[in-house]
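**Q** One predicted model, sequence on top.
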Amino acid sequence: MQTRLWSLTLGNFAIGTGVMIVPGMLNELSADLAISPAQVGMLISAFAMTICVTGPFLAGWTSAIERRKLLTASLALYAAMHWLAALSPGYHTLLAARMLTALGAAVFTAQAAATAGLMVPPEVRGKAIGLVFLGWSIAAVVGTPIGAYLGAHIGWRPTFGLVGLLAALFAAGVWMQIPPKLYVAPMDRAAWKALFANTPLLLAISVTAIQALGMFTIFSYMALLLKDFIGATPTVISAMFLCFGITGVLGNVIGARVMDRIGPMRVGVVAMGCMLTAITLWPLTRGSVPVTVVLILVWGLGCFAINGSQQARLVAMAPPLASASVSLNSSAIYLGQATGAFIGGLIVTTQGTENLSFYSAVPMATAIMVSLYAANLANRKRMVEAA
């Protein structure tokens, strides 16, 4: 595996850390800005919805740009907007800064995976994409817990500033490591038309949105949930995020290693099964730190493996449409995140945290069923085309 892929992994680490620090700092943001947890959830929702809406358009508009220049510029924008967020005088300015920050993430997340596919032979493409998404798992292990800890101890503003510094450093790494003159296939109308005519591919993309909805309905408010259920302090919350991230890395590594052997669809179903188990059993965590730790570990095992497996699955289903499908899949991730954070905020405001796990488990179970149906439909389509 090419060592140059690690620059993309680290870039995703910066992106993932910037995305995930807001849930970790929920309690601090709420107290310092005198806003409700649901309003903090809107920071997550607005960020995600910006990526969802702009992602496909940005992918099309930037398809003619050399990948090295594009990925470096997107990380540089991400850095600058985190510094702007750190200087925000109030909630609405912070909200606007987060939406601008999302533009950098919208480009980098999808195009890093597509670029990795250009840099390796087809037979190891799944492993390469899994390696690139390992950055998100590293963000969960290191970025999210440290973000939660620093947010509580030095404040959310310096924490945003540090994420901006990371993004700037890794932008330089991408520029030095990614070879020049790498281009993706142009995303013309024909590609989009072919994608939207491919029902199994669209169903596979919908799995991403549905499982992300289930995930972020509860995860967006995890800091509040831990405080309510086990009376967690900021240090304990950081430790829980660390546990989550440790098995996130483990699950991502295992998934990447077996993906080319058992197929990305099976990896994805197992990953979602781990998350569904933890979410369904979450009510048992009330008052019990040991049960909370166990379920956090099980949950993390599947959480980040699903992203790499879904990207690899789409590339394998229709290689000529990879640029369009991966871009739309990235939008689906953030559509689910935005919708989940919004729905979770409504539930927290009207019902508290008691029933969050139920509202999260239903879409997660649905995502598993849709994934299996999409695989069956794709198999039947291949049989018909081969006949």
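**A** Received it, and whenever you're ready, just let me know what you need.

**Q** Which strand or helix spans the nearest residue to residue 123 once chain neighbours are set aside?
**A** Spatial nearest neighbour of residue 123, excluding adjacent residues (Cβ to Cβ, 6 or more residues apart in numbering): residue 260 at 7.1 Å. Backbone N, C-alpha and C define where each C-beta goes, glycine included. Secondary structure assignment for residue 260, by DSSP states H and E: helix 234-262.

**Q** The residue nearest to residue 123: neighbour count?
**A** 17 (other Cβ atoms under 10 Å).

**Q** got a pLDDT number for it?
**A** Looking at residue 260, its pLDDT is 78.

**Q** Please tell me how far it sits from residue 81.
**A** 36 Å (Cβ to Cβ, to the nearest Å).

**Q** Could you do residue 152 as well?
**A** Applying Cβ to Cβ to residue 152 and residue 81 gives a distance of 23 Å.

**Q** Of these two, give the one with the bigger neighbour count.
**A** residue 81 (24 against 20).

**Q** Kindly export the helix or strand hosting residue 164 (C-alpha atoms) in CSV.
**A** Assigned by DSSP H and E, residue 164 belongs to helix 156-177. This file holds the C-alpha atoms of helix 156-177, laid out as CSV (Å, rounded to 0.1, in the frame of the first residue of the first chain):
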residue,chain,number,x,y,z
TRP,A,156,-14.1,25.8,23.0
ARG,A,157,-12.5,28.7,21.2
PRO,A,158,-8.8,27.5,21.6
THR,A,159,-10.0,24.0,20.7
PHE,A,160,-11.4,25.2,17.4
GLY,A,161,-8.2,27.1,16.8
LEU,A,162,-6.1,23.9,17.3
VAL,A,163,-8.2,22.0,14.8
GLY,A,164,-7.6,24.8,12.3
LEU,A,165,-3.8,24.4,12.9
LEU,A,166,-4.1,20.6,12.3
ALA,A,167,-5.9,21.2,9.1
ALA,A,168,-3.3,23.7,7.9
LEU,A,169,-0.4,21.3,8.7
PHE,A,170,-2.1,18.3,6.9
ALA,A,171,-2.9,20.5,3.9
ALA,A,172,0.9,21.0,3.5
GLY,A,173,1.3,17.2,3.8
VAL,A,174,-1.2,16.6,1.0
TRP,A,175,0.5,19.0,-1.2
MET,A,176,3.9,17.3,-0.7
GLN,A,177,2.6,13.7,-0.9
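
**Q** Return the set of buried residues in it.
**A** Using 16 or more other Cβ atoms under 10 Å as the test for burial, helix 156-177 gives 156, 159-164, 166-168, 170-171, 173-175, 177.

**Q** mind checking which helix or strand of this protein has the lowest mean pLDDT?
**A** helix 125-138 (a mean of 77; mean pLDDT, DSSP states H and E).

**Q** quick one on the thing from earlier: for the buried residues of helix 156-177, which one is nearest residue 366?
**A** residue 163 (33.2 Å; Cβ to Cβ).

**Q** give the contact list for the closest one.
**A** 14, 17, 18, 21, 82, 143, 147 (Cβ atoms under 8 Å, 6 or more residues apart in numbering).

**Q** So among those residues, where is pLDDT lowest?
**A** residue 143 (74).

**Q** Chain neighbours aside, what residue packs nearest to that one?
**A** residue 17 (3.0 Å).

**Q** Low-confidence stretches in the stretch 101-250 of the chain?
**A** 185-188 (pLDDT under 70).

**Q** For the closest residue to residue 225 other than its chain neighbours, what are phi and psi?
**A** Nearest residue to residue 225 in three dimensions, chain neighbours excluded: residue 353, at 5.0 Å (Cβ to Cβ, 6+ apart). Main-chain torsions, residue 353, degrees, to the nearest 10: phi -90, psi 0.

**Q** if we can go back for a sec, so where does the residue nearest to residue 143 fall, helix or strand?
**A** helix 5-24.

**Q** following that helix, which helix or strand comes up?
**A** helix 26-33.

**Q** So which bits of that following helix are buried?
**A** 26, 27, 28, 29, 30, 33.

**Q** TSV for those residues, including pLDDT and distance to residue 110?
**A** Output for those, formatted as TSV (pLDDT from 0 to 100; distance: Cβ to Cβ, whole Å):
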residue	pLDDT	distance to residue 110
26	85	27
27	86	32
28	89	31
29	92	28
30	90	31
33	92	31
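
**Q** now residue 363: how far from residue 318?
**A** Taking Cβ to Cβ, one finds residue 363 at 25 Å from residue 318.
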